[in-house]
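> Sequence first, then the predicted structure:
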Amino acid sequence: SQTIHQWPATLVQPVGSPLSLECTVEGTSNPNLYWYRQAAGRGLQLLFYSVGIGQISSEVPQNLSASRPQDRQFILSSKKLLLSDSGFYLCAWKKDRDYGYTFGSGTRLTVV
Amino acid sequence: GDSVTQMEGPVTLSEEAFLTINCTYTATGYPSLFWYVQYPGEGLQLLLKATKADDKGSNKGFEATYRKETTSFHLEKGSVQVSDSAVYFCASRGYNKLIFGAGTRLAVHP
């Protein structure tokens, strides 16, 4: 069966520090991968998505970046965190022609 | 561009009350529509979906009907339980991505 793993579950980072969140999917190949952010009291905002290795589409300009170094690995990064980067980050995957998206359990990031 | 609008919360109900959470969408064409649920401290889980007009998605006593004429996908449940307390997200499937509404927090009291 397919599973999606996100880590860490919680993270507290100082302003200006770097960030690396990792997401991996098991049990499938060539998934579409997504990073969403949920800011406090707000809805879900799509940040990046990827349809293949090295292919990244950015939805919102910001100081975050994403990479897909392997087929089932999706990484969200920042060189210097801002206070406004705090939020709940969710990774998701789906197969190209499927309807449903499967979400990871999320990473709660607090920038202090 | 495509968008999803859902009623603002929080919605506070007593146990066994009837629930409606409104959701409307704008899109080119006829997207697939979804309701996701987020329990406290957890990620999102798919609750139900509908892929074409007049389809009714249902799960765990929740229902939603894809209404093309009103571009709506309202979530309903006849009798809510305390365990239904969560945040509910309506979503529309655009090209290569899901577009979410802002979410509606539901609190059910005994």
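That came in fine, so what should we check first?

> contacts, neighbours, all on C-alpha from now
Fine.

> Would you mind listing where chain A has pLDDT under the threshold?
Confidence mapping of chain A against pLDDT under 70 gives the ranges A:41, A:61, A:96-99.

> For chain B, what's the nearest residue on it?
A:G43 (3.6 Å; CA to the nearest CA).

> any idea which helix or strand carries the most centrally placed residue in chain A?
Centroid-nearest residue in chain A, with CA atoms, centre = their mean: A:W35, separated by 3.2 Å. Following DSSP states H and E, one finds A:W35 within strand A:32-38.

> who in chain B is up against chain A?
With CA under 8 Å from any CA of the partner chain as the criterion, chain B meets chain A at residues B:32, B:42-46, B:97-103.

> Tell me how many other residues crowd the closest residue to chain A within chain B.
The minimum distance from chain B to chain A, using CA to the nearest CA, falls at B:A102 (3.6 Å). Each residue near B:A102 was counted by other CA atoms under 10 Å in any protein chain shown, and the total is 23.

> ok, residue 104 - contacts?
Using chain A here. A:4-6, A:90-92, B:43-44 (CA atoms under 8 Å, 6 or more residues apart in numbering or on different chains).

> that answer is for a different chain, and I need it for chain B
B:6-11, B:21, B:87-89.

> for the closest residue in space to A:L11 that isn't next to it in sequence, which residues make a bridge with it?
Using CA to CA, 6 or more residues apart in numbering or on different chains and skipping the chain neighbours, the partner closest in space to A:L11 is A:L109 (4.9 Å). Taking DSSP bridges as the rule, A:L109 bridges to A:L11, A:G87.

> Would you map the helices across chain B?
Counting by DSSP state H, chain B has no helices at all.

> Can I get the contacts of B:T104 in JSON lines including neighbour count?
Below are those laid out as JSON lines (neighbours: other CA atoms under 10 Å in any protein chain shown):
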{"residue": "B:Q6", "neighbour count": "22"}
{"residue": "B:M7", "neighbour count": "18"}
{"residue": "B:E8", "neighbour count": "13"}
{"residue": "B:G9", "neighbour count": "15"}
{"residue": "B:P10", "neighbour count": "12"}
{"residue": "B:V11", "neighbour count": "16"}
{"residue": "B:I21", "neighbour count": "22"}
{"residue": "B:V87", "neighbour count": "21"}
{"residue": "B:Y88", "neighbour count": "26"}
{"residue": "B:F89", "neighbour count": "29"}
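
> Filter the residues you listed down to the ones in strands?
Secondary structure from DSSP state E places B:6, B:11, B:21, B:87-89 of these in strands.

> sorry, back to before: direction included, what does the next helix or strand after the strand holding A:W35 pair up with?
Sequence-wise, the next helix or strand downstream of strand A:32-38 (DSSP H and E) is strand A:44-52. According to DSSP bridges, strand A:44-52 forms sheet pairs with strand A:32-38 (antiparallel), strand A:55-58 (antiparallel).

> which of these is buried the deepest?
strand A:32-38 (a mean of 24; mean count of other CA atoms under 10 Å in any protein chain shown).

> Contacts for that strand next, please.
Contacts of strand A:32-38 (CA under 8 Å, 6+ apart): A:44-52, A:74, A:76, A:87-96.

> ChimeraX command for the buried members of these?
This is the ChimeraX syntax for the buried subset of the contacts of strand A:32-38, where burial follows 16 or more other CA atoms under 10 Å in any protein chain shown:
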select /A:44,45,46,47,48,49,50,51,52,74,76,87,88,89,90,91,92,93,94,95
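
> Might one say that A:R42 is in contact with B:A102?
Yes: under the criterion of CA atoms under 8 Å, A:R42 makes contact with B:A102 at 5.8 Å.
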